[in-house]
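Engineer: Structure here, sequence nowhere to be found:
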């Protein structure tokens, strides 16, 4: 089944066609051919790193909601119906029996100031009987119990709001998770395109080698004609045959490398079919369409790698701030209320208010946890600085390397032109019987080496551009490649 979708990440807009896998791991006999956009889309959706990332989405959302809702009132309801009989052996044997129903509701609320408010209402209705006379009323009775407690910490909320630190840490964790998704998209596009460039390069090599085999076959035909005319010896014919077989063997090896490359690319994806790619006309066309589709460069501070690392640093800082309160003395202002009303006995009301203080000077584990938390925070800060420095250096080095590769590419183009001209001249002289078959073979080898070198230079130039795009967080649109 085929579905149309649009992938967007920090300006990356790609209209892609994705072939959905059936979920089995057995490779199907019929290969599935994908164009460049379909292959990149598949790499973004069916790579194992992407699947591992997306399966965390639900838990990450729930974790954030749980922390953000911590200041909302929590209610719970309970009810119980039952009968119970127990025997008590003391100075005299007693047999007790009770039955009834009870239920209630409780409420807990953590205020933004750090205060904890809890309240409950419990209603019991039933009777308790002593089968041996112990003075227990045998009539059904009703009891209502209402209680409430308010506790306000006086130290933990100063100078930083202790209650909002976990919320801020959870939001930073969510921000880091989103930045990780953007980074996976950026890396997925880069890695998929690097793989496609390798495939396009080997396809172009196959095309050059097919043409070389055709040239070799043509030269053998000319040599055989010259032999029939008595202008050359049998040695020239044998040499031409050997050259043709060598080029055919080289072509077979290159085609085998192409199938191995497709197998490696497919192994990175969770698909149940054999993967094939639809190449562009040539590597130059692939370069042109990718350069036409690349977007504007963003600032280093906007790179998802920096966003992820920065959010991680801030989150660890909040957690370190929380550990500082573990060593503080605890001073709580509290108020408690409990009211009991019974249908058979007189009701009662209890109230208490006061201040509770506690301090543990031997918090060795808390001190160790605080030191570890501080170390993790500082380590993340150094990691953030290193990441920023690495991206800046990569941006600079890729730009310098791009200029060098541009000059090498121009020289390779000139060399191919000269080798092509030399080969044509030698072939013409060979057809006229002036040049030997070996000289034509040498000229063809020089031309093929120049063409292969040009392919390598074009591939290196494009790969460096793709790595540079990653460092600059550039968007890529594949519409121009379709």
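Structural biologist: Nice, thanks for sending it over. Please read all numbers here as calculations on a predicted model, not as lab measurements.
Engineer: for the stretch 1-150 of the chain, what spans make up the strands?
Structural biologist: In the stretch 1-150 of the chain, the strands defined using DSSP state E, counting those that start in this stretch lie at 2-9, 12-19, 28-34, 74-89, 93-110, 116-130, 141-153.
Engineer: Measure how buried residue 400 is and give me the count.
Structural biologist: For residue 400, the neighbour count with other C-beta atoms under 10 Å is 9. Every residue, glycine included, has its C-beta placed from N, CA and C.
Engineer: Over to the one 10 residues further on?
Structural biologist: The number of residues packed near residue 410 is 11, by other C-beta under 10 Å.
Engineer: Correct me if wrong, but residue 354 is in a strand.
Structural biologist: Yes. In this structure, residue 354 lies within a strand as judged by DSSP: H, G, I helix; E, B strand; the rest coil.
Engineer: so where is the stretch 1-150 of the chain shaky, pLDDT-wise?
Structural biologist: Low-confidence segments of the stretch 1-150 of the chain (pLDDT under 70): 1-29, 87-97, 127-139.
Engineer: Spatially, which residue comes closest to residue 274, not counting chain neighbours?
Structural biologist: Nearest residue to residue 274, sequence neighbours excluded (C-beta to C-beta, 6 or more residues apart in numbering): residue 31, at 4.1 Å.
Engineer: Provide a list of residues in contact with the one you found.
Structural biologist: By C-beta atoms under 8 Å, 6 or more residues apart in numbering, the contact set of residue 31 is 273-276.
Engineer: for the stretch 351-482 of the chain, what spans make up the helices?
Structural biologist: Taking DSSP state H, counting those that start in this stretch, the helices of the stretch 351-482 of the chain run over residues 364-431, 437-472.
Engineer: in the last one, what's buried?
Structural biologist: Just to be clear, that refers to helix 437-472. 437, 440-441, 443-444, 446-448, 450-455, 457-472 (16 or more other C-beta atoms under 10 Å).
Engineer: now do stretch 312-328
Structural biologist: Across stretch 312-328, burial judged by 16+ other C-beta under 10 Å covers 312-323, 325-326.
Engineer: Same check on stretch 43-53?
Structural biologist: Neighbour counts over stretch 43-53 (16+ other C-beta under 10 Å) mark 43-47, 50, 53 as buried.
Engineer: One more: stretch 144-164?
Structural biologist: Buried residues in stretch 144-164 (16+ other C-beta under 10 Å): 144-150, 152-153, 156-157, 162-163.
Engineer: quick check, nearest of the residues you listed to residue 181?
Structural biologist: Using C-beta to C-beta, the shortest approach to residue 181 within these belongs to residue 163, at 29.2 Å.
Engineer: Which phi and psi values does the nearest residue to the closest one once chain neighbours are set aside adopt?
Structural biologist: Distances taken as C-beta to C-beta, 6+ apart put residue 114 closest to residue 163, at 4.9 Å, once the chain neighbours are dropped. Note on residue 114: backbone dihedrals following degrees, to the nearest 10 are phi 100, psi -10.
Engineer: Please apply the same query to residue 278.
Structural biologist: With angles defined as degrees, to the nearest 10, residue 278 sits at phi -90, psi 110.
Engineer: count of residues packed around it?
Structural biologist: Neighbours of residue 278 under the rule other C-beta under 10 Å: 11.
Engineer: What of residue 364?
Structural biologist: 8.
Engineer: do you know how far it is from residue 106?
Structural biologist: 36 Å (C-beta to C-beta, to the nearest Å).
Engineer: Where do the strands of the stretch 151-300 of the chain begin and end?
Structural biologist: Applying DSSP E, counting those that start in this stretch to the stretch 151-300 of the chain gives strands spanning 273-277.
Engineer: quick one: the helices in it?
Structural biologist: Going by DSSP H, counting those that start in this stretch, the stretch 151-300 of the chain shows helices at 165-228, 234-267, 283-293.
Engineer: Which one of these lies nearest to residue 371?
Structural biologist: Go through these one by one with C-beta to C-beta and the one that ends up closest to residue 371 is helix 165-228, at 18.6 Å.
Engineer: Please tell me how far the closest one is from the chain's geometric centre.
Structural biologist: Computed by C-alpha atoms, centre = their mean, to the nearest Å, the chain-centroid distance of helix 165-228 equals 21 Å.
Engineer: Stretch 232-245 too?
Structural biologist: Counting by C-alpha atoms, centre = their mean, stretch 232-245 is centred 57 Å from the centre of its parent chain.
Engineer: which parts of it are buried?
Structural biologist: Here stretch 232-245 shows 232, 236-237, 239-240, 243-244 as buried, counting by 16+ other C-beta under 10 Å.
Engineer: Quick one: low-confidence residue ranges for the stretch 151-300 of the chain.
Structural biologist: 156-161.
Engineer: Surely residue 401 and residue 463 touch.
Structural biologist: No. The criterion here is C-beta atoms under 8 Å, and residue 401 misses it with residue 463 at 10.3 Å.
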